[in-house]
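Undergrad: sequence first, then the predicted structure, then my questions.
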Amino acid sequence: MPYRYRSDRPGIVFVLATIIILSVSIWGLFFPGNMEAVTSDMLTIFLDSFGWFYVLAVSFFLAFCLFLGFGPYRHMKLGKPKDEPEYSFYTWIGMLFAAGMGVGLVFWGVAEPMAHYVNPPPNVDVEGGTQAAAETGLLYGIFHWGMHPWSVYAIVALALAFAKYRKNLPGLVSSAFYPILKDRVAGPIGKGIDLLATVGTTVGIATSLGLSTLQVSGGLEEVAGIGNTTQLQLIIIGGVTVIFLISVVSGINRGMRYLSIVNLTLMAALLVAVVSFGPTLFIFEHFTKTFGDYVSSAVQLSFDTTPYSDNEWMGEWTFFYWAWIISWSPFVGTFIARVSRGRTLQQFMIGVLFVPTLVSVFWFAAFGGTGLHMELFQNLGQAEAVAEKPENGLFLVLQQLPLGLMLSIAALILILIFFITSANSATFVLGVFTSQGSLSPKTPVLITWGLLISTVAASLLLSGGLEGLQSTAIMTALPFTLLIVTMCIAVFMSLRSEGAEKHRVEPPKDW
């Protein structure tokens with residue numbers, strides 16, 4: 001019989017994780033120069049030594065997800081055979097985006113294609129500032145926000161959902177390893193896994209919150225003329241922290257559910273506005289072309305590294321993205337598992353891999369394509385400014401459209417809601433991790449983690465800004481990459497032991 005925890009009180013994982021995160025926060029807040037120097041040196045070592053491993057691992061995760069979604073186990077459910085989905089398909093997708101990718105799409109939708117337009121990848125023989133560079137910029141943006149990152153989330157979510165809903169194990173990352181470790185997951189090995197997941201997740205979350213803070217401050221600079229200073233960024237973090245702590249203690253069904261619906265609706269409205277007011281025909285043509293380029297180039301892009309040059313570009317983009325996604329995948333995976341009960345593996349993979357990828361393709365074609373159209377055909381000369389300050393890119397583009405001020409204000413509201421929903425769900429998940437798997441963490445635990453992740457985000461901004469966020473994410477992701485590889489083995493062992501035919505169920509009619 002699988003083990004059970006008898007209490008939802010915080011345990012040793014909570015104590016040790018709090019000490020580690022608090023120590024990192026103090027280091028960044030009081031010795032930012034030293035932290036920046038140390039992380040910069042360590043980053044160089046990690047990029048040169050392990051970049052290839054991130055690339056290979058994420059490609060493997062995607063292949064494994066495709067096998068699960070379309071192989072012999074595709075009709076097995078995340079839950080018991082008679083379980084039905086708790087949320088409608090629209091609400092479910094909204095919650096996935098709120099937790100997994102909304103912040104990144106809004107931040108990089110304009111900034112990344114424009115940055116690649118100015119500085120193309122070194123392994124692509126194109127000159128910056130050309131049409132070829134523009135096409136390459138959109139392609140790499142979609143690659144970085146398509147199926148590959150979502151496959152990481154999907155693996156973690158599947159492993160946790162099977163453990164929680166099929167085996168009735170605690171909602172802990174260590175529970176995913178039960179097929180391999182059995183009851184030893186309740187001992188020191190399991191505690192070590194949960195501690196590693198908690199610390200890595202906190203850093204990954206802090207990276208996302210730091211990006212949101214940079215973009216909000218950049219938006220205020222472009223819209224209201226307020227100086228984008230460190231003081232402003234700290235004020236933003238403090239204000240949003242108060243809001244999301246109020247939201248998180250109200251519970252996931254009341255707080256996150258409605259915020260996610262509002263978020264997805266506002267995101268869709270902003271997308272429609274850009275397509276309508278921007279170069280509409282250019283956007284649809286580029287969507288078609290870029291989607292085709294993505295499909296035809298997916299395998300080659302999946303395994304791209306730069307063995308004949310330094311890893312600077314790859315480190316700033318592909319390696320950073322994969323590491324960032326991996327570092328906070330315990331949080332996103334746990335949250336996706338929480339809201340996906342009752343869906344089959346095939347439904348799950350379609351919703352988690354393909355729907356977000358299609359949205360990402362169209363989002364980049366609309367926002368990145370609009371920015372590139374302004375650069376190529378209107379000669380606005382904004383690409384260099386966007387590459388220098390990516391947090392301002394979205395607002396620089398929106399202000400050139402009709403109703404630019406209103407669109408910029410709507411974008412600010414969207415970012416703030418994404419900020420709140422991401423922090424909200426992250427605080428809940430960290431509370432679960434450090435409350436022995438309880439899905440109802442106590443309010444003091446939630447408040448503690450809300451304050452800690454905001455403090456870490458502030459310390460990372462003080463000790464290096466965007467570069468500091470990237471460096472820390474890349475370094476903390478390595479050990480958890482190994483754990484996710486092991487998760488794949490555990491998931492396959494669990495599926496094989498239950499049998500594809502024995503637990504075969506028909507997909508529900510209403511998704």
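TA: Nice, thanks for sending it over. Computed from a predicted structure; not experimentally measured.

Undergrad: my guess is residue 180 contacts residue 491, does it?
TA: No: between residue 180 and residue 491 there is no contact under Cβ atoms under 8 Å: 10.5 Å. C-betas here are computed from N, CA, C, even on glycine.

Undergrad: ok, those two, which is more surrounded?
TA: residue 491 (23 against 14; other Cβ atoms under 10 Å).

Undergrad: nearest residue to the more buried one in space, please, no chain neighbours.
TA: residue 159 (5.2 Å; Cβ to Cβ, 6 or more residues apart in numbering).

Undergrad: what's the answer for residue 301, then?
TA: residue 143 (4.9 Å).

Undergrad: that neighbour is in contact with residue 303, isn't it?
TA: No: applying Cβ under 8 Å, one finds residue 143 not in contact with residue 303, separated by 11.8 Å.

Undergrad: re the thing from before, and the residue nearest to residue 491, how many residues sit next to it?
TA: 27.

Undergrad: repeat that for residue 439.
TA: 15.

Undergrad: contacts for the host helix or strand of residue 273, please.
TA: Here residue 273 sits within helix 257-277, counting by DSSP states H and E. Contact with helix 257-277 is made by 87, 90-91, 93-95, 97-98, 102, 106, 247, 283, 362-363, 366-367, 370, 398, 401-403, 407, 410-411, 413-414, 417-418, 420-421, 424, as judged by Cβ atoms under 8 Å, 6 or more residues apart in numbering.

Undergrad: can you give me how far whichever strand or helix holds residue 385 is from the chain middle?
TA: Element membership of residue 385, judged by DSSP H and E, is helix 383-388. How far helix 383-388 lies from its chain's middle: 24 Å, per Cα atoms, centre = their mean, to the nearest Å.

Undergrad: so which bits of that helix are buried?
TA: 383, 386, 387 (16 or more other Cβ atoms under 10 Å).

Undergrad: so which residues make contact with it?
TA: 110-111, 114-115, 117-119, 129, 371, 375, 392-393, 396.

Undergrad: what about these, which are in helices?
TA: 110, 111, 114, 115, 117, 118, 371, 375, 393, 396 (DSSP state H).

Undergrad: is it possible to export those to a markdown table including pLDDT?
TA: Supplementary listing: the ones in helices among the contacts of helix 383-388 in a markdown table, determined by pLDDT from 0 to 100:
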| residue | pLDDT |
| --- | --- |
| 110 | 91 |
| 111 | 91 |
| 114 | 93 |
| 115 | 92 |
| 117 | 93 |
| 118 | 92 |
| 371 | 93 |
| 375 | 91 |
| 393 | 87 |
| 396 | 88 |
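
Undergrad: after the helix or strand hosting residue 141, next one along is what?
TA: Element membership for residue 141, per DSSP H and E: helix 131-144. Moving toward the C-terminus from helix 131-144, the next helix or strand (DSSP H and E) is helix 147-161.

Undergrad: and for the next helix or strand after that following helix, what's in contact with it?
TA: The helix or strand immediately downstream of helix 147-161 is helix 178-181, counting by DSSP H and E. The contact list for helix 178-181 (Cβ under 8 Å, 6+ apart) reads 2, 163, 167, 169, 174, 185, 189-190, 486, 489-491, 493-494, 497.

Undergrad: what about 10 Å?
TA: Helix 178-181 has contacts (Cβ atoms under 10 Å, 6 or more residues apart in numbering) with 2-3, 159, 162-163, 167, 169-170, 174-175, 184-187, 189-190, 193, 486-487, 489-497.

Undergrad: which members of the residues you listed are positioned in helices?
TA: Filtering these for helices - DSSP H - leaves 159, 189-190, 193, 486-487, 489-497.

Undergrad: just the buried members of these?
TA: Judged by 16+ other Cβ under 10 Å, buried ones among the ones in helices among the contacts of helix 178-181: 159, 190, 193, 486, 487, 490, 491, 494, 495.

Undergrad: okay if I get those as TSV plus distance to residue 13 and pLDDT?
TA: Compiled in TSV, those are given as follows (distance: Cβ to Cβ, whole Å; pLDDT from 0 to 100):
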residue	distance to residue 13	pLDDT
159	18	91
190	9	91
193	10	92
486	19	94
487	18	94
490	20	92
491	23	91
494	24	85
495	28	86
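
Undergrad: just put those in CSV and tack on distance to residue 347.
TA: Formatted as CSV, these follow (distance: Cβ to Cβ, whole Å):
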residue, distance to residue 347
159, 17
190, 30
193, 28
486, 26
487, 20
490, 22
491, 17
494, 18
495, 16
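
Undergrad: related to what we said a few turns ago, nearest to residue 453 among the contacts of helix 383-388?
TA: residue 111 (23.5 Å; Cβ to Cβ).

Undergrad: which residue packs closest to that closest one, ignoring adjacent ones?
TA: Residue 111 sits nearest to residue 390 (Cβ to Cβ, 6+ apart), 3.4 Å away.

Undergrad: what's near enough to touch the one you found?
TA: By Cβ under 10 Å, 6+ apart, the neighbours of residue 390 are 107, 108, 110, 111, 112, 114, 115, 211, 214, 215, 218, 466.

Undergrad: can you report how many residues lie near the second one?
TA: For residue 108, the tally of surrounding residues (other Cβ under 10 Å) stands at 26.

Undergrad: list the contacts of it.
TA: 114-115, 141, 144-145, 211, 215, 317, 321, 363-364, 367-368, 390, 393-394.

Undergrad: show me which of those are buried.
TA: 114-115, 141, 144-145, 211, 215, 317, 321, 363-364, 367-368, 390, 393-394.

Undergrad: any idea which of those residues is least confident?
TA: Lowest in pLDDT among these is residue 211, which has 76.

Undergrad: rewinding a little: for ChimeraX, what selects the buried ones among the contacts of helix 257-277?
TA: Applying 16+ other Cβ under 10 Å to the contacts of helix 257-277 leaves a buried subset, and the ChimeraX line that selects it is:
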select :87,91,93,94,95,97,98,102,106,247,283,362,363,366,367,370,398,401,407,410,411,414,417,418,420,421,424
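
Undergrad: list the contacts of the residue lying closest to residue 487 once chain neighbours are set aside.
TA: Leaving aside its chain neighbours, residue 487 sits nearest to residue 159 (4.4 Å; criterion: Cβ to Cβ, 6+ apart). Residues counted as contacts of residue 159 (Cβ under 10 Å, 6+ apart) are 173, 175-179, 333, 337, 483-484, 486-491, 494.
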